[in-house]
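A.B. asks: A structural model of the following input is requested.
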Amino acid sequence: MPCDSKTLVSVGIPTYNRAQGLKRTLELITNQSYKDLEIIVSDNASTDETSKVVEDFMEKDHRIQYIKHEKNQGIQFNFKYVLQVSRGQYFMWAADDDEWALEFIDTCVKNTSGSGTCMTWFSTLYRSSGKISYPPQPNILPEMSVFSRASSYLGCMQSSYFYGLHKRADIQEVLQEGFFDFYDCYFILRQLIKYDLKIIPKYLFISGVDSENYELKTFENRKCLRLNYFSFISSSLRLISRDCQFNLFQRVYLIFKLLFSMFKLMIFNEVIEPARTFYSKASRFLKRRWLTLKHSMYRGTRISYAQAGEDLIIRIIFDAIGVEKPSYIDIGAHHPYYFSNTALFYLSDSQGVNIEADPELFKRFVNLRTRDINLNSGVLAKRDSDTLLFHVLSNPTLNTFSKTEAENSIREAGIRILKEIPVPVMTLNEIIQQYCDGDFPDFLSLDIEGMDLEVLKSIDFSNSVPTVICVESVSFSESGRGVKNKRIGEFLSQKGYFLYADTHINSIFVLKSRWLRN
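C.D. replies: Next up, the predicted model:
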């Protein structure tokens, strides 16, 4: 472990049951260009694979310390603990849902120059949709007076500055204080007024949000208001009133700006956001209810949601073998209901896993297939990295990871590549182990534009296998002259499946042993 306390930076990582997020955080922190680090992971009694993740990193990096507490003592304890046991001259908290450029710490250390806190500009990443936003940054410049900078911050409070680099000696007050709603904003205001705050105009920090929208994190349950505004206001009032560097006019002005900013936040959090959330949930609920009602009203007419009636054929198969509510995994799901091989089963109370690589298409599954597990990921036979370039085409049904397939679509129909984006990828076996408890669902729907056979070959057929497989088996052709991939049928025949039906576009295979048994 580094022993030069003059240059040592302590990184405190409080965590609880977020093994995958912690893995990403440790990868980014251990690979920082600034090497004199003390990395403290404080585990609030996690029950997932957090211990294994940390131990794997500790085998390779001796700078990591791991403390697993016997019981969960809350977020406040965990944040204070990593500061309390740290030894470095500088300290930073690292949340397990955020991300850092590899030069983040080095940049902050080089630019502290007497400041109690140094931070960079930041962006916000909504991982479920892939959307990145760039929140407004307060105008805080070195040549400005403390009054001007405090005024600017109160007009544009950003809690993410809490995750900057701090002089450890300047933040010891944290250990004696109780946390409250907006405490992170109060912390930054105090650093700015008492110890100086420096902002580097570079986007080197990403504030991560794993849900579809930002969710309020409160320190106490309240019956009336969603948040406690009084503690922040009273603490900030004392800070401003007692600071002798402000004259009477400046204090009055800062207090007015504080109250006005909190009034705006209160209106947004207590009125606008709840109304918007209610409208969003109500509209999704009514849309789902209408689809369910329409499905039940016309059940006798056998409505199909698939491209060529594949779901009705598959329904007949499961009825014949006595499976009323088949589970499913839909790879290349595209849309919750349009051209969907699994929508019919979802509306009949089945559940499964939907996997769609396109972030824009994926959003609909989060809203409309709420009982399912929905993954914004690609599926490969073999994963050589965590991400792969995904080609988004002007016809979204043809989006693909395969450059060859994308070029084929361009030649056939003049389709354009709109953009190429990095998308997280997993293998099919990883998904089965992680999201299906190791047991293959009853039905596999596979449509990943030219990579279907590779993924089929990656299945461990000696273990759990799907009863029914529906796979796209013809290459795309605008003229309808697509070439049938006979190798798919030959391969599945060797694995004990027989061709039950073919709609030209898709082939439906059934496990022979299961069919004959029933």
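A.B. asks: all the strands of the stretch 351-500 of the chain, residue numbers only.
C.D. replies: Remark: strands assigned in the stretch 351-500 of the chain by DSSP state E, counting those that start in this stretch are 352-355, 373-375, 378-380, 387-393, 417-427, 443-446, 468-472, 497-502.
A.B. asks: OK, contacts around L8?
C.D. replies: With contacts taken as C-beta atoms under 8 Å, 6 or more residues apart in numbering, L8 has the following neighbours: P2, D36, L37, E38, R87, G88, Q89, Y90. (Each C-beta comes from the backbone N, C-alpha and C, glycine too.)
A.B. asks: at 7 Å instead, please
C.D. replies: Going by C-beta atoms under 7 Å, 6 or more residues apart in numbering, L8 touches P2, D36, E38, R87, G88, Q89.
A.B. asks: related to what we said a few turns ago, okay, the strands of the stretch 351-500 of the chain, which one's buried deepest?
C.D. replies: Comparing the strands of the stretch 351-500 of the chain by mean neighbour count (mean count of other C-beta atoms under 10 Å), strand 443-446 ranks first with a mean of 26.
A.B. asks: strands paired with that one, and their directions?
C.D. replies: Strand pairing for strand 443-446, using DSSP bridges, gives strand 328-331 (parallel), strand 468-472 (parallel).
A.B. asks: just the CA trace of it, in PDB.
C.D. replies: Written as PDB, here are the backbone C-alpha positions of strand 443-446 (Å, rounded to 0.1, in the frame of the first residue of the first chain):
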ATOM      1  CA  PHE A 443     -39.600 -21.000 -25.600                       C
ATOM      2  CA  LEU A 444     -36.700 -19.400 -27.300                       C
ATOM      3  CA  SER A 445     -37.400 -16.700 -29.900                       C
ATOM      4  CA  LEU A 446     -34.200 -15.700 -31.800                       C
END
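A.B. asks: so what's the residue count around the nearest residue to N44 once chain neighbours are set aside?
C.D. replies: Leaving aside its chain neighbours, N44 sits nearest to Y16 (4.1 Å; criterion: C-beta to C-beta, 6 or more residues apart in numbering). Residues contacting Y16 under the criterion other C-beta atoms under 10 Å number 19.
A.B. asks: buried set for stretch 228-237?
C.D. replies: By 16 or more other C-beta atoms under 10 Å, the buried positions in stretch 228-237 come out as Y229, S231, F232, I233, S235, S236.
A.B. asks: which among those gets closest to A501?
C.D. replies: A501 lies nearest to Y229 out of these, by C-beta to C-beta, at 62.3 Å.
A.B. asks: need the contact list for that closest one.
C.D. replies: M262, M266.
A.B. asks: now do 10 Å
C.D. replies: Contacts for Y229 (C-beta atoms under 10 Å, 6 or more residues apart in numbering) come out as F180, D181, F182, L259, M262, F263, L265, M266, N269, E270.
A.B. asks: find the nearest non-adjacent residue to the first one, please.
C.D. replies: Nearest non-adjacent residue to F180, counting by C-beta to C-beta, 6+ apart: S231, 3.7 Å away.
A.B. asks: buried only: go through the contacts of L8 for me.
C.D. replies: For those, buried by 16+ other C-beta under 10 Å: D36, E38, G88, Q89.
A.B. asks: filter those residues down to just the ones in strands.
C.D. replies: Those of the buried ones among the contacts of L8 mapping onto strands are E38, per DSSP state E.
A.B. asks: what are the ranges of the helices in the stretch 251-400 of the chain?
C.D. replies: Applying DSSP state H, counting those that start in this stretch to the stretch 251-400 of the chain gives helices spanning 273-297, 310-320, 343-346, 359-368.
A.B. asks: using JSON lines, please lay out those together with mean neighbour count, distance to I329 and mean pLDDT.
C.D. replies: Below are those laid out as JSON lines (neighbours: other C-beta atoms under 10 Å; distance: least, C-beta to C-beta, whole Å; pLDDT from 0 to 100):
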{"stretch": "helix 273-297", "mean neighbour count": "12", "distance to I329": "21", "mean pLDDT": "70"}
{"stretch": "helix 310-320", "mean neighbour count": "18", "distance to I329": "13", "mean pLDDT": "94"}
{"stretch": "helix 343-346", "mean neighbour count": "24", "distance to I329": "11", "mean pLDDT": "93"}
{"stretch": "helix 359-368", "mean neighbour count": "18", "distance to I329": "13", "mean pLDDT": "84"}
